[in-house]
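1. model this:
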Amino acid sequence: MMIVLNIFVVLLLFSIFFYLLSVVVASFCIYSATLTRKNKDKWGRTVSIITERTLRMDDIGMEWQKAHDRCKKDVHIVRDGINLYGEYYDMGYDRAVIVLSGRTESLRYAYYFAKPYSDAGFNILAVDSRCHGISDGRYITVGFEESKDALAWSRLLAEEYGIDTILYHGICIGAASGMLAITSPDCPDTVKGMVAEGMFPRFRESMRNNLIERKRLMFPVLQLVMLHFRLHTGHSMRRGPANYITKMDKPLLMIHSKKDKYSTYDNAEKMFESCPSKNKTLVSYEEGDHSMLRITDTEKYDSAIAEFINKNFN
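-> Residues are numbered from 1 along each chain as shown. Got it, this is the predicted structure:
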């Protein structure tokens, strides 16, 4: 009887050990696949997720780029030892928008969002965020270091190109980057407002919802992914735009889908309500995927941006 019991205990301990090992390995693999890049073949200047909709967005964006290629200037900055690259479309205006794309997307994705701004008399700065396109970087920091990069790009526009009005247009992590930048004490006065699509409150919620959708084990995988993030970046997924929007006093346009699976609409409403800006607007979509709202209803999207600009900057 003792032999059987001992065998059972040993097997149980081995099972627990291998279970814990599998969880640790799974969490590291999820973190590595989601938020780290070892080489520039990953998240380069191509369409990252190929669907009929994303290919259509890419085609429309490339049409805009080709029509404005004569205005393009390749730009480069170095921040925190990281080379960052972008394309500045200088059409002779004294104001510009910096398009901050989401995770996995390069500056090529930004072309798709340029038209409503160029139509409104804005130059366009499309950037490869760290870890994307041809920019350097290994770790995505979900807005923390990216926001400091956005401030560096803002200073470039003001100091080298004489731009006196800058807007941020951020998508997902790009929206988080913009929100942290525009509420920073170091934000230049030239940054006047922001448009945010699919902005999450904290990346912890987005990661949690992603795991739920993929039917992955929640505990302790989420906590271990957050630990990997903290160890590699020095930042916490427990903080994000929801912690900073309470200091946002400049014009803000939030665009959000009520069916966003990752950055849920109820959180968007809470952030909007907590924003003290006297010039804020929340435009909701009944349909539409995360970061795919302009292609869902282009007229509604572009009209919202035009109205935002006319109200606050004309």
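
2. where do the helices sit along the stretch 51-200 of the chain?
-> For the stretch 51-200 of the chain, helices defined by DSSP state H, counting those that start in this stretch occupy the ranges 52-67, 107-110, 115-119, 144-161, 173-182.

3. what's the most buried one of the ones you listed?
-> Highest mean neighbour count of the helices of the stretch 51-200 of the chain: helix 173-182, a mean of 30 (counted as mean count of other Cβ atoms under 10 Å). C-beta coordinates here come from the backbone N, C-alpha and C atoms, glycine included.

4. Just checking the distance from that one to the centre of its chain.
-> Distance of helix 173-182 from the chain centroid (Cα atoms, centre = their mean, to the nearest Å) equals 7 Å.

5. swap in stretch 219-226?
-> That offset, for stretch 219-226, works out to 21 Å (Cα atoms, centre = their mean).

6. Who is D128 paired with across the strands?
-> Bridge pairing for D128 (DSSP bridges) gives the partners Y85.

7. Test my guess that it contacts S135.
-> Yes: contact criterion Cβ atoms under 8 Å: D128 and S135 qualify, at 4.0 Å.

8. Now the common contact residues for those two.
-> L84, Y85 (Cβ atoms under 8 Å, 6 or more residues apart in numbering).

9. residues touching the most centrally placed residue in the chain, list them.
-> Closest residue to the average C-alpha location of the chain: I173 at 1.8 Å, with Cα atoms, centre = their mean. The contact partners of I173, by Cβ under 8 Å, 6+ apart, come to L100, G102, R103, S129, I140, V142, G143, E146, F203.

10. hmm, 6 Å instead?
-> I173 is in contact with G102, R103, V142, G143, counting by Cβ atoms under 6 Å, 6 or more residues apart in numbering.

11. If we only consider the residues you listed, which is nearest to N310?
-> Nearest to N310, judged by Cβ to Cβ, of the contacts of I173 is G102 at 26.5 Å.

12. okay, now the closest one: neighbour count?
-> 21 (other Cβ atoms under 10 Å).

13. phi, psi of the residue nearest to it when sequence neighbours are not counted?
-> If the residues on either side of it in the chain are set aside, G102 comes closest to C172, at 3.4 Å by Cβ to Cβ, 6 or more residues apart in numbering. The phi/psi pair for C172 (degrees, to the nearest 10) reads phi 60, psi -120.

14. go on, E286?
-> Per-residue torsions, E286: phi -70, psi -30 (degrees, to the nearest 10).

15. Can you tell me how far it is from C187?
-> 34 Å (Cβ to Cβ, to the nearest Å).
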